[in-house]
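Peer 1: With the sequence up front, the predicted model follows.
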Amino acid sequence: MSLEPFHASEALSLGVELELQLLNTHDYDLAPYAADMLRLMQKIPLPGSVVPEMTNSMIEVSTGICHSSAEVLAQLTPIRDALVACADKLNIAVAGGGTHPFQQWHERRIYDKPRFQELSQLYGYLSKQFTIFGQHVHIGCPSADEALLMLHRMSRFIPHCIALSASSPFVQGQDTQFDSARLNSVFAFPLSGRAPCLLTWDEFGQYFEKMTRTGVVKSMKDFYWDIRPKPEFGTIEIRVFDTPLSIERAAALAGFVQALAAWFLAEQPFVPQEDDYLVYTYNRFQACRFGLDAVYVDPASGAHLPLREHLLHTLERIAVHGSAYGTQAALDHLAREVAQGQNDARWLRQRQQHEQQLAEVSRQAALRFRGQAVG
Amino acid sequence: MNEWWDLWAQWLRPSAGLPTVQWSLLLACAALVGHLLQRYSGLPKIVGYSLVGTLAGWAGFGGVLWPLQGMGLFLLEFGVSLVLFDAGGRIALRWFRHNPMVLVQSLLEAALSALLVYQLLLWLGQSVPVAAALAVVAMAASPTVLTRVVHECHAGGPVTERAITLSTLSTLYALALATAGAAWVRRPDASALDALAAVLVVLGVSIASALTLAVLLRAALRLMSPGSESGALFLLSLVAALSALAAHLGGSAPLAALLAGMIVKHRWPRPWAWQRQLGPVLSLVTMLMFVLVSCVAAQAPWSMAVATLVLALLGARLLAKACGVGLGHIGSGTSARQALWLGAAMTPLSAVALLIASQLVLALPESGPALAAIALPAILLMELVGAVLVTWALYRAGEGIWPWGRTQRQTKGNAP
């Protein structure tokens, strides 16, 4: 199978996907209501789409093509409101967060769909452990080569994305001590992690062909990379974000990506190279483990510095490029939170410390997704 | 069988009395049969418990008096109260604001069940008090059977949750009507106003007991974690005290427990996991309940006439529940297919029905024997068959596990 041609899209256009948790309102464990939610949501005219995910306690919503984080929020708001209304009708709750704090993976059920069954056969229990929830941000690229250049430049900022969005400190009822434990589940899959450092679409096509010849890969869907090109959309897709607890934060993160991309296009600040990836996995681990308190190793200079400091510096640097796309408010919001060391993982830990009950933390997370103030 | 026990009693002098030994052995037998039945047939354990109770009842196993009283009544009220407190605690009143059709669905199925059974029994020549009392018994579905089957087949999903809600609501209506009705008919010579006052007193005491239980529980939960062992034991002890006191105070313990669960859920929507802490204790109480119910119900004499009446009653009830649930599902967020399995999951009768029947038999001494002759076999049959029907319905709805393999809800989806 050959690689699909890269369809050009409007530079810096945005698309956001959110994987969400469906919870019962009794003990706030995951509840298998995806099919029912889909049935109800189909009756409501909305931008974007709503589709089920690997297990039947998950649902994925996505926006249409947006041009700014404000537009992302404007599209996510009616989708969120419709989700909440449908959930109310079914007596369930919808919540963000990268993991469900106390669900047991063995209780999950895989959808009876050929691809899911195939994945389940191949990956065994990993497919059930894939009951994790991420935000994917698509950023439009005018050409395939520019997309690959964008992809590898963006890789330097993967730790920033992880730390900003981290919302999965609890797994199977335990504090993992990671801010984003979700990405550890992704790492178990072969073909996860970083994409190969290829900067032209021709080279990438050759790589793809070699991989398909091995029989390991059939389509781009088989790559679970942190960032992957999406030729049919003409975008690159950043997949390291945990689903935030609110749509406001989801839109702000999209704004961050857009401002970064705007900076890349405007200044061409550096040329990516294979050596950038020497510290990639270490930086990624640091961000997952310590969130905003991580250490960041600069791939170019090898300097060690606090990620928080680098994030603030980056936010400041990209602000001028993002302002043309209306990202100022989003970046200001993120900068304030970074300065305070606040992300969703910290909020979840604070709630657990106060409530001493993860089910109650899940309930409060669901209230937060609805837009109600908690804590 | 009693002679055999008498013989044994001549040389055996157990410290806690012979009935304790008899019941302990019966429960051990029930546990074994329940386990073996589930292991080799896949049927719920409660079917095994009920079968053991039935055989014991048919063999004339003594110790439980009908109409229920004494320790038998206390144990049954205690077990039912625990289940109903939990079931009430699952009902979020705000759901009915967002989806009033669920309430319509519930009222429809309960009202249709009562009306159809009442009319049918009148048509079959039963007296008005007997038909009315059996109509009230027929309203109540069994949260007891449902929650145990759900637990055993690890069921979860819209049909499961709605079946628990609708059966709890139908139990609420039936308990309220039976409690009020019993208070009314116990005062045949009183004026309508006095009889109404008696009804209000019995309902008022139940509501006051519910409020007291809810407030005490809430106060305790300020000091204890809701998922802690201490919190669970506190709840267990309070429900036991309520079960022992409610009747003396002039109220209904199951009704009070159910209302208390609803109040706690409404006023303090925090999730709590007391069931996990009480796992084996709850299982023991449940097993005792199923053995007790079937043991008592099996003591009723069967005849062709009784069998006809029982089957007619159960057929009418099944039809009414299916129609009520089916009619009410429109606009309620479920599919027609789900409504079908929901109707099937509403069929069991068990401990609540037995308590209601016992309450009405005591209130209607003249009609009592005729009432019991139909109610007890119906309860026995629908405890056994109902558990199997619920298992099958939850499996067919794609929400429960069938013994010969897991089921999956079918839908389209994305790859990871």
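Peer 2: Noted; the coordinates are in hand.

Peer 1: which regions of the chain sit below the pLDDT cut-off?
Peer 2: Unless you meant another one, I'm taking chain A. Scanning chain A for pLDDT under 70 picks out A:1, A:111-113, A:375.

Peer 1: wait, I meant chain B there
Peer 2: Residue ranges of chain B with pLDDT under 70: B:1-16, B:62-65, B:402-416.

Peer 1: 50 instead?
Peer 2: B:405-416 (pLDDT under 50).

Peer 1: Residue A:311: how many residues sit nearby?
Peer 2: Residue A:311 has 24 neighbours, counted by other CB atoms under 10 Å in any protein chain shown. Using the backbone N, CA and C atoms, a C-beta is placed for each residue, glycine as well.

Peer 1: ok, the residue of the stretch 101-250 of chain B found nearest chain A to residue A:356 distance?
Peer 2: Nearest residue of the stretch 101-250 of chain B to chain A (CB to the nearest CB) works out as residue B:157 at 4.8 Å. The gap separating residue B:157 from residue A:356 is 29 Å, by CB to CB, to the nearest Å.

Peer 1: one step back: thought residue A:32 was touching the residue of the stretch 101-250 of chain B closest to chain A, still the case?
Peer 2: Yes - in terms of CB atoms under 8 Å, residue B:157 counts as a neighbour of residue A:32; the distance is 4.8 Å.

Peer 1: Write out the residues of the stretch 251-375 of chain A neighbouring chain B.
Peer 2: Residues of the stretch 251-375 of chain A lying near chain B by CB under 8 Å from any CB of the partner chain: A:356-357, A:359-360, A:362-363.

Peer 1: Just the closest of the residues you listed to chain B, please.
Peer 2: Closest approach to chain B among these (CB to the nearest CB): residue A:359, at 3.9 Å.

Peer 1: so which strand or helix has that closest one?
Peer 2: Element membership for residue A:359, per DSSP states H and E: helix A:358-370.

Peer 1: Ok, residue B:109 next?
Peer 2: Element membership for residue B:109 (DSSP H and E) is helix B:100-123.

Peer 1: now swap in residue A:22 and tell me
Peer 2: Using DSSP H and E, residue A:22 maps to strand A:14-24.

Peer 1: Likewise for residue A:94?
Peer 2: Under the criterion of DSSP H and E, residue A:94 resides in strand A:92-95.

Peer 1: Could you measure from the residue in the stretch 151-300 of chain A positioned nearest to chain B over to residue A:118?
Peer 2: Residue nearest to chain B within the stretch 151-300 of chain A (CB to the nearest CB): residue A:221, separated by 5.2 Å. Residue A:221 sits 11 Å away from residue A:118, taking CB to CB as the criterion.

Peer 1: ok, back up a step: for the residue of the stretch 101-250 of chain B closest to chain A, which non-adjacent residue is spatially closest?
Peer 2: residue B:399 (3.7 Å; CB to CB, 6 or more residues apart in numbering or on different chains).

Peer 1: With residue A:242 instead?
Peer 2: Leaving aside its sequence neighbours, residue A:242 sits nearest to residue A:98 (CB to CB, 6+ apart; 3.0 Å).

Peer 1: for the one you found, helix, strand, or coil?
Peer 2: Under DSSP: H, G, I helix; E, B strand; the rest coil, residue A:98 falls in the coil class.

Peer 1: Please report phi then psi for it.
Peer 2: Backbone geometry at residue A:98, expressed as degrees, to the nearest 10, gives phi -70, psi -30.

Peer 1: list the contacts for residue 134?
Peer 2: With no chain named, the answer covers chain A. A:19, A:98, A:182, A:239-243 (CB atoms under 8 Å, 6 or more residues apart in numbering or on different chains).

Peer 1: actually it's chain B I care about, not the one you picked
Peer 2: So residue B:134 contacts B:117-118, B:121, B:126, B:313, B:371, B:374-375, B:378 (CB under 8 Å, 6+ apart).

Peer 1: Residue B:168 too?
Peer 2: Contacts of residue B:168 (CB under 8 Å, 6+ apart): B:84, B:87-88, B:90-91, B:143, B:258.

Peer 1: and these as TSV, adding neighbour count, distance to chain A and secondary structure?
Peer 2: Converted to TSV, these look like this (neighbours: other CB atoms under 10 Å in any protein chain shown; distance: CB to the nearest CB, whole Å; DSSP: H, G, I helix; E, B strand; the rest coil):
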residue	neighbour count	distance to chain A	secondary structure
B:84	30	15	helix
B:87	24	10	helix
B:88	28	12	helix
B:90	20	5	coil
B:91	21	9	coil
B:143	31	13	helix
B:258	31	15	helix
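
Peer 1: so which of these comes closest to residue B:390?
Peer 2: Proximity of these to residue B:390 (CB to CB) peaks at residue B:143, which lies at 11.0 Å.

Peer 1: how close does the nearest residue to that closest one once chain neighbours are set aside sit to residue B:386?
Peer 2: Leaving out its chain neighbours, the residue that sits closest to residue B:143 by CB to CB, 6+ apart is residue B:87, at 4.3 Å. Distance of residue B:87 to residue B:386, computed by CB to CB: 16 Å.

Peer 1: which residues are contacting the helix or strand that contains residue A:150?
Peer 2: Applying DSSP H and E as the criterion places residue A:150 in helix A:144-155. Contact partners of helix A:144-155, identified using CB under 8 Å, 6+ apart, comprise A:5-6, A:11, A:139, A:141, A:194-195, A:197-201, A:204, A:226-229, A:231, A:234-236, A:238, A:257, A:260-261, A:264-265, A:269-270, A:272, A:276-277, A:280.

Peer 1: ok, residue B:95 - contacts?
Peer 2: Per CB under 8 Å, 6+ apart, neighbours of residue B:95: A:25, A:88, A:91, B:102, B:165.

Peer 1: Let's have those residues in JSON lines, adding neighbour count.
Peer 2: Supplementary listing: the contacts of residue B:95 in JSON lines, determined by neighbours: other CB atoms under 10 Å in any protein chain shown:
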{"residue": "A:25", "neighbour count": "22"}
{"residue": "A:88", "neighbour count": "20"}
{"residue": "A:91", "neighbour count": "25"}
{"residue": "B:102", "neighbour count": "25"}
{"residue": "B:165", "neighbour count": "22"}
